[in-house]
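Enquirer: Sequence and computational prediction follow.
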Amino acid sequence: MGKNINRFRRQQQQLAAKPLGTTTAPKISPTIAQKSIARTRQDIKNWNEALNNARKAEDPKFFPLQLLYNEIMIDALLKSQVQNRVNKSLAASFTMNDLKGNGNDEVTALLQNQKWVAAINEAIIESRFYGHSLIELNLVNGILNVTVLPRTNVDPVNGRFYPDYSEDKYIKYREMPEYGTWLLEFGKPGDLGILNSCVPHVLMKRFAQSCWSELCEIFGIPPRVMKTNTQDTGMLRRGERMMQDMGAAAWFIIDTSEDFEFAKGVNTNGDVYGNLIQLCDNQNSMVVSGAIIGQDTKNGNRSKDESAQNVLQDLVDSDLTLIEQEWATIVIPALQALGQLKGDLILAFDKAEDTAQLWKITEGLLRNYDIPPDWINEKFGVPVEPKKQPEQKPLGFNLSPDFFV
């Protein structure tokens, strides 16, 4: 995408010369064909077929893989891990600086209160998970709106957008005059994203949960068996009523001359399924968060969780760096061309500080040095004032007459 920056600049200069109205109609999103998606059971075979379609040298199809990504995001743990990482990045405060590093408080306050800023940042972060993000901007009554185009309809390798991903008709969006201004693209073409590594673990986890639920059904509520003369219709009907009235557990009736036995299987209480589910959860946590956070309650401890949180923070810092880069090369030039920003600006996130460690250092310095109260209030949020000196009373001597004798 770096080779397209010069073309972006030319398009932006041309667009900046044209006056913008208060409302602009989007060009791509209205062409999207609404599709009904039927949920079916997915397995490793479906995943391999989706990978083969996405990795075709000619005319690759990404919609099977993206549909699979949407399906696995139903998993509770995976969704919580992804949202935890995304929300940490969206909650970070930023500053709009000029090229000399001086902050522009007015522009910063304006952008921090805009929903479209969070939408753009979220699309940038999600490009790491899904491999790609294509957004479309439009103005509604002077307010900028952001629409994330469905990834199922986008071929980022060849720059094609399919209004109906099941058909072969497409739009070459990189050749549109709106590309680089109203259409913004994030991610690496051909990158399948982080979620690709999570697919097999979610599918195996669902398999283990299904098997475990069947085990609970069989051993939790054993089926009931009744022997009767099945040749006698009256006795058979009476037996059916009796079994139906006795409860909701599975039941069946056999003839007195027949015999029924449960097959002898491996004695288990479901540990084999529980271990497989835990393994899948741990693998997904490692992929998304870089560590297992707050899950292993049996062998976990505070130091492990703190170190895992530090690893997650490193990934969040990397996401923030990606946002800064995408804003510098793509978003800010587009906003300048659309008249939303003026002047050369750079988005910079405030660096997170370890306040606990900083307080330990500050506490040690207080013994020998004077630290300004304003700095302590700014760093730790503790309003402090200089320590009041105790009043010194004059020394009084109450001597008895015999003192000098």
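Expert: Arrived safely, thanks for sending. Numbers count the residues shown, from 1 in each chain.

Enquirer: State which strand of the chain is the longest.
Expert: Longest strand in the chain by number of residues (criterion: DSSP state E): strand 132-140.

Enquirer: Just checking: what are the partner strands of that one?
Expert: Next to strand 132-140 in the sheet, as set by DSSP bridges, lie strand 143-148 (antiparallel), strand 183-187 (antiparallel).

Enquirer: With only the CA atoms kept, save that strand in CSV.
Expert: Extracted in CSV, the C-alpha atoms of strand 132-140 (Å, rounded to 0.1, in the frame of the first residue of the first chain):
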residue,chain,number,x,y,z
HIS,A,132,-8.0,-6.7,6.2
SER,A,133,-10.3,-3.7,6.6
LEU,A,134,-11.9,-1.5,4.0
ILE,A,135,-14.0,1.4,5.2
GLU,A,136,-16.1,4.0,3.4
LEU,A,137,-16.6,7.5,4.7
ASN,A,138,-19.6,9.8,4.0
LEU,A,139,-21.0,13.0,5.3
VAL,A,140,-24.5,13.2,6.8
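
Enquirer: Could you check how sure the model is about it, as an average pLDDT?
Expert: Averaged over strand 132-140, pLDDT sits at 92.

Enquirer: hey, where'd the strands end up in the stretch 201-350 of the chain?
Expert: 224-228, 251-255, 346-349 (DSSP state E, counting those that start in this stretch).

Enquirer: List the buried residues in the shortest one.
Expert: To tie it back to what came earlier, the one meant is strand 346-349. Within strand 346-349, the residues scored as buried using 16 or more other CB atoms under 10 Å are 346, 347, 348, 349. Just so you know, the C-beta spots here come from the backbone N, C-alpha and C atoms, and that holds for glycine as well.

Enquirer: what mean pLDDT does that strand have?
Expert: Along strand 346-349, the predicted local confidence has a mean pLDDT of 89.

Enquirer: With the first one instead?
Expert: Regarding strand 224-228, the rounded mean pLDDT is 81.

Enquirer: so what does that strand touch, helix or strand wise?
Expert: Packing partners of strand 224-228 (3 or more CB pairs under 8 Å, 6 or more residues apart in numbering; DSSP states H and E): helix 233-245, strand 251-255.

Enquirer: Just checking: what are the partner strands of it?
Expert: strand 251-255 (parallel).

Enquirer: And the strand it pairs with, how far out from the chain middle?
Expert: Centroid separation for strand 251-255 versus its chain: 52 Å, with CA atoms, centre = their mean, to the nearest Å.

Enquirer: Report the angle between it and helix 233-245.
Expert: Strand 251-255 and helix 233-245 meet at an angle of 160 degrees, taking axes from the mean of the first three to the mean of the last three CA atoms, to 10 degrees as the criterion.

Enquirer: Buried residues in strand 251-255, which are they?
Expert: So, applying 16+ other CB under 10 Å, buried residues of strand 251-255: 251, 253.

Enquirer: Kindly report the same for stretch 51-69.
Expert: 54, 60, 61, 62, 63, 64, 65, 66, 67, 68, 69.

Enquirer: Now render those residues as JSON lines, adding distance to residue 138.
Expert: Formatted as JSON lines, the buried residues of stretch 51-69 follow (distance: CB to CB, whole Å):
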{"residue": "54", "distance to residue 138": "29"}
{"residue": "60", "distance to residue 138": "29"}
{"residue": "61", "distance to residue 138": "28"}
{"residue": "62", "distance to residue 138": "24"}
{"residue": "63", "distance to residue 138": "24"}
{"residue": "64", "distance to residue 138": "30"}
{"residue": "65", "distance to residue 138": "28"}
{"residue": "66", "distance to residue 138": "23"}
{"residue": "67", "distance to residue 138": "26"}
{"residue": "68", "distance to residue 138": "30"}
{"residue": "69", "distance to residue 138": "26"}
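
Enquirer: for the strands paired with strand 132-140, which one sits closest to residue 133?
Expert: Residue 133 lies closest to strand 183-187 among those, at 4.4 Å (CB to CB).

Enquirer: Quick one: residues in contact with the closest one.
Expert: 1, 27-28, 120, 123-124, 127-128, 130-137, 156, 173-174, 176, 179, 326, 330-331, 334 (CB atoms under 8 Å, 6 or more residues apart in numbering).

Enquirer: Just those: which are in helices?
Expert: 120, 123, 124, 127, 128, 130, 326, 334 (DSSP state H).

Enquirer: Just the buried ones from the residues you listed?
Expert: So, by 16+ other CB under 10 Å, the buried ones in the ones in helices among the contacts of strand 183-187 are 120, 123, 124, 127, 128, 130, 326, 334.

Enquirer: of all those residues, which comes closest to residue 292?
Expert: For those, the nearest to residue 292 is residue 128 (20.1 Å; CB to CB).

Enquirer: give the contact list for residue 123.
Expert: 133, 135, 146, 148, 186.

Enquirer: Is the last one bridged to anything, and to what?
Expert: Residue 186 has the following beta-bridge partners by DSSP bridges: residue 133.

Enquirer: Give me the below-cutoff pLDDT ranges for the chain.
Expert: 1-21, 218, 220-222, 247-249, 262-269, 294-300, 352-357, 359, 379-381, 386-405 (pLDDT under 70).

Enquirer: In it, which residue is most central in space?
Expert: Nearest residue to the geometric centre of the chain (CA atoms, centre = their mean): residue 82, 2.8 Å.

Enquirer: That residue touches residue 75, doesn't it?
Expert: No: assessed by CB atoms under 8 Å, residue 82 is found out of contact with residue 75, at 9.8 Å.

Enquirer: Can you list the buried residues in stretch 186-205?
Expert: 186-187, 192-196, 198-205.

Enquirer: From start to finish, how long is it in a straight line?
Expert: 31 Å (CA to CA, to the nearest Å).

Enquirer: same deal with stretch 38-49?
Expert: 18 Å.

Enquirer: same check, this time on stretch 255-275
Expert: End to end - CA to CA - stretch 255-275 spans 41 Å.

Enquirer: ok, so what distance separates residue 344 from residue 102?
Expert: 11 Å (CB to CB, to the nearest Å).

Enquirer: One more: residue 342?
Expert: 15 Å.

Enquirer: returning to what we had before: now distance to residue 274 too, for the buried ones among the ones in helices among the contacts of strand 183-187, in CSV please.
Expert: Shown next, in CSV, are these (distance: CB to CB, whole Å):
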residue, distance to residue 274
120, 41
123, 37
124, 38
127, 35
128, 31
130, 31
326, 42
334, 50
